[in-house]
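Engineer: Next one to model:
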Amino acid sequence: MEIPKIIGSGLIVIGVGIGLGKIGAAALEAIARQPEQSGKIQTAMLIAAALVEGVAFAALFAS
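Structural biologist: Reported below is the predicted structural model:
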């Protein structure tokens, strides 16, 4: 029963990597369009990234 846990953990890590990449890309695009709002965009990006990582840690510890 160890292999399903390993595969599930790998899928969690891959999903989080993709999600964080999309968050970063969207934030960079938004900053490029509106540089004067960079502080607010960075704050929103960091909060979203922290929430994604928190869910990932919870999922990894639950498996």
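Engineer: So residue 17 versus residue 24, what's the distance?
Structural biologist: Residue 17 is 11 Å from residue 24, where distance means CB to CB, to the nearest Å. C-beta: built from backbone N, CA, C; applies to glycine.
Engineer: Enumerate every residue touching residue 18.
Structural biologist: By CB atoms under 8 Å, 6 or more residues apart in numbering, no residues touch residue 18.
Engineer: Distance of it relative to residue 41?
Structural biologist: Between residue 18 and residue 41 the computed distance is 20 Å (CB to CB).
Engineer: Equivalent analysis for residue 9, please.
Structural biologist: Following CB to CB, the distance that separates residue 9 from residue 41 is 31 Å.
Engineer: Which secondary structure state does the residue sitting nearest the centre point of the chain sit in?
Structural biologist: In the chain, the centroid-proximal residue (CA atoms, centre = their mean) is residue 20; its distance is 3.1 Å. In three-state terms, and counting by DSSP: H, G, I helix; E, B strand; the rest coil, residue 20 is helix.
Engineer: What sits closest to it if chain neighbours are left out?
Structural biologist: Leaving out its chain neighbours, the residue that sits closest to residue 20 by CB to CB, 6 or more residues apart in numbering is residue 49, at 5.7 Å.
Engineer: Can you report how many residues lie near the one you found?
Structural biologist: Counted with other CB atoms under 10 Å, the neighbours of residue 49 add up to 16.
Engineer: Contacts only, for it.
Structural biologist: Residues near residue 49 by CB under 8 Å, 6+ apart: 20, 23, 24.
Engineer: From those residues, pick the one nearest residue 56.
Structural biologist: Closest to residue 56 out of the contacts of residue 49 is residue 20 (9.2 Å), distances taken as CB to CB.
Engineer: mean confidence for the helix or strand hosting residue 49?
Structural biologist: Using DSSP states H and E, residue 49 sits within helix 38-62. Averaging pLDDT along helix 38-62 gives 94.
Engineer: and what of stretch 13-27?
Structural biologist: Stretch 13-27 comes out with an average pLDDT of 96.
Engineer: buried sites along that stretch?
Structural biologist: 16, 19, 20, 23, 27 (16 or more other CB atoms under 10 Å).
Engineer: what sits against the fourth one?
Structural biologist: For residue 23, the residues meeting the contact criterion (CB under 8 Å, 6+ apart) are 45, 48, 49, 52.
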